[in-house]
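*Asks:* have a look; sequence and predicted model below, questions after that.
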Amino acid sequence: MTVEATTRRRFLGIAGAGAAASMAGCLQDDSPGSGNGEDWEPSESIRYIVPYDEGGGTDVYARGIVESLTDAMGQDIQVDNVPGGGGLNGFGELYGSDPDGHTISGSATPLEVPPQMLEDPGFDQRDLEGIANIGRSTWCLIVNEEYEGEVETFDDVREMHNSGEWETIGIQEPGSPQDIMTLLAKHGEGYAEEYDWQWEERVQYTGTGPITEAVTSGEVPCGIGTDAGTEPNVSSGGVYPICTFWSEGTEVYPDIPSVTDEGYPDMDFISGVTRGLYAPPDTPDGVIEELTGRVEEATEDERYQEWSEETGNPIFYEGPDEANAAIEDAFAEIEELGIIELIEEHS
């Protein structure tokens, strides 16, 4: 699977997301989402869209909070994985849903931002209504257990690629943080000179879950995924973490270094992931207020706290303003740094 071939079909199916999004403006004034949402109560099960495959970090966080959130909502929560398009297929489903409080989506900001800047999906994720931020993840480099004892540092991984012993690395689609980080390390001004990471081919998958499975099976010798998404396979065996690209380290793997610990320039603008929750555009303020209050209640539930302690995945609560700002800030920073031009030139 070549990078070029994968790039040509990078957003297969995204037209469907755009078509769903085009329905967003077709709601009538008497729809369940009309009005100001005062005294709103969920009256049916909540659809919780995860815009990535099962087993990825966004999915892990959804399933980590779902029991507590079910009690807080007083309704069943149905987790629905809608992968593809760098997260935009799932966002398209959310965008076209009724703004009545019964459909929400997880996110992995800034993961979904560059794909929208690369190719117009027919909607703008900045129109989504923020509900809350509930956690944070970092991107980590994992290696197949066959190499344990031989490959122990980022320098070792780099040498395996630069010597030609390894050719491939598993990442997500064009515009993903892994795409950006590996491009910076080989081609980026101010980065390539220090990293000099001469990988030959990047095999692209739809999320951390498939990447981790590919590394576990030996389809690729190494890959980059979130700490949250790789942790189950690390715990069960098959892969092990080498380093994180987040300069402050990772609570999931507290014993591994960051690339900056090893003397490389930081990539913090793209190597952290905010775990947010969003509602469709035009969701009434009263509905958002109720949703965010119930999410806050769920984050304080001892079961969610215990899940965090067991897995190492950090959790917290931030409100709608912070969730909206996470997306806005990501667009501004990626545009300022000229990242899209780098992707278009080398992906």
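*Replies:* Right, received. Where do you want to start?
*Asks:* can you list the residue ranges for helices in the stretch 151-300 of the chain?
*Replies:* 154-162, 177-187, 192-195, 208-217, 227-236, 268-271, 285-299 (DSSP state H, counting those that start in this stretch).
*Asks:* show me what the helix or strand following the longest one is packed up against.
*Replies:* Read it as helix 285-299. Note on helix 285-299: by DSSP states H and E, the next helix or strand toward the C-terminus is helix 302-311. For helix 302-311, the packing partners by 3 or more CB pairs under 8 Å, 6 or more residues apart in numbering; DSSP states H and E come out as helix 57-73, strand 315-318. Where you see a C-beta, it was placed from the backbone N, CA and C, and this is true even at glycine.
*Asks:* in helix 302-311, what's buried?
*Replies:* 304, 307-308, 311 (16 or more other CB atoms under 10 Å).
*Asks:* chain center to it, what's the gap?
*Replies:* Centroid separation between helix 302-311 and its chain, computed with CA atoms, centre = their mean, to the nearest Å, is 20 Å.
*Asks:* what about it, average pLDDT?
*Replies:* Confidence for helix 302-311, expressed as mean pLDDT, is 96.
*Asks:* could you dump the helix or strand harbouring I131 to CSV, C-alpha only?
*Replies:* Assessed by DSSP H and E, I131 sits inside strand 129-144. Output in CSV follows, covering the C-alpha atoms of strand 129-144 (Å, rounded to 0.1, in the frame of the first residue of the first chain):
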residue,chain,number,x,y,z
GLU,A,129,-21.9,23.2,19.4
GLY,A,130,-19.4,22.4,22.1
ILE,A,131,-20.6,20.5,25.1
ALA,A,132,-17.5,19.7,27.1
ASN,A,133,-13.9,18.6,27.2
ILE,A,134,-13.5,15.4,29.2
GLY,A,135,-9.9,14.3,28.8
ARG,A,136,-6.6,14.5,27.0
SER,A,137,-4.4,12.0,25.1
THR,A,138,-0.9,12.1,23.6
TRP,A,139,0.6,10.4,20.5
CYS,A,140,3.0,7.5,21.2
LEU,A,141,5.3,5.4,19.1
ILE,A,142,4.7,1.6,19.6
VAL,A,143,6.7,-1.3,18.3
ASN,A,144,6.0,-5.0,17.8
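*Asks:* show me the shaky parts of this structure.
*Replies:* Where the chain drops to pLDDT under 70, the residues are 1-35.
*Asks:* domain map for it?
*Replies:* 15-23+38-136+273-346, 138-270 (automatic domain parsing).
*Asks:* residue nearest the centroid of the protein?
*Replies:* A108 (3.0 Å; CA atoms, centre = their mean).
*Asks:* I327 touches E129, doesn't it?
*Replies:* No: at 11.0 Å, I327 does not count as touching E129 under the criterion of CB atoms under 8 Å.
*Asks:* look up how far G223 lies from the residue nearest to I270 when sequence neighbours are not counted.
*Replies:* Leaving aside its sequence neighbours, I270 sits nearest to P177 (CB to CB, 6 or more residues apart in numbering; 4.7 Å). Computed as CB to CB, to the nearest Å, the P177 to G223 distance reads 13 Å.
*Asks:* over to E302?
*Replies:* For E302, the distance to G223 - CB to CB - is 34 Å.
*Asks:* do a quick rundown of the strands in the stretch 1-150 of the chain.
*Replies:* 46-50, 77-81, 103-106, 129-144 (DSSP state E, counting those that start in this stretch).
*Asks:* buried ones in the second one?
*Replies:* Counting neighbours by 16+ other CB under 10 Å, one finds that the buried residues in strand 77-81 are 77, 81.
*Asks:* could you check the angle helix 285-299 makes with that strand?
*Replies:* On the basis of axes from the mean of the first three to the mean of the last three CA atoms, to 10 degrees, strand 77-81 is oriented at 90 degrees to helix 285-299.
*Asks:* quick one: residues contacting I180.
*Replies:* With CB atoms under 8 Å, 6 or more residues apart in numbering as the criterion, the residues that contact I180 are 114, 267, 270, 339, 342-343.
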